[in-house]
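**Student:** The following block contains a protein sequence and its predicted model.
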Amino acid sequence: MIEFKDITLADKDLIQSFTLNSQRRNCDLSFANLCSWLFLYQTKYAVMDNYLLLRFYAGEELAT
C-alpha cells in the first residue's frame, strides 16, 4: 500500500524537484496552489520509484 503524506512547507523542495523539472506546464502543480487548495481537496503526496504521486478528493470521492 502506498503511504501518502500531508503536504507541508518542509516538503517544498522535494515536490518542486519533480514539478519544476517537468516538461508539463500546469499551474495546478505549483507548490503554492497545492498548499492553497489543501482545505478543499485534501491533497496528499507520495514518492514511489522516483515518481511524485498526488492524491486528492473531489467532493466526497477520491479523484482517479
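**Tutor:** That came through, no problem.

**Student:** Settle this for me: Gln16 is touching Ala32, isn't it.
**Tutor:** No. Assessed by Cβ atoms under 8 Å, Gln16 is found out of contact with Ala32, at 10.3 Å. Yep, even glycine has a C-beta here, placed from its N, CA and C like the rest.

**Student:** Next, the buried residues of the longest helix along the chain.
**Tutor:** Longest helix in the chain by number of residues (criterion: DSSP state H): helix 12-19. Neighbour counts using 16 or more other Cβ atoms under 10 Å place 15, 18-19 of helix 12-19 among the buried residues.

**Student:** which SS state does the residue nearest the centre of the chain fall under?
**Tutor:** By Cα atoms, centre = their mean, the chain has its centre lying nearest to Leu54, at 4.1 Å. Three-state assignment for Leu54 (DSSP: H, G, I helix; E, B strand; the rest coil): strand.

**Student:** what pairs with it across the strands?
**Tutor:** With DSSP bridges as the criterion, Leu54 is bridged to Tyr45.

**Student:** Tell me the pLDDT of it.
**Tutor:** With respect to pLDDT, Leu54 scores 94.

**Student:** Can you name the residues that contact it?
**Tutor:** 29, 34, 43-45 (Cβ atoms under 8 Å, 6 or more residues apart in numbering).

**Student:** Tell me where the protein has strands.
**Tutor:** Under the criterion DSSP state E, the chain contains strands at 5-6, 44-48, 51-55, 57-58, 61-62.

**Student:** out of those strands, which comes closest to Leu38?
**Tutor:** Of all the strands of the chain, strand 5-6 sits nearest to Leu38, with 7.8 Å by Cβ to Cβ.
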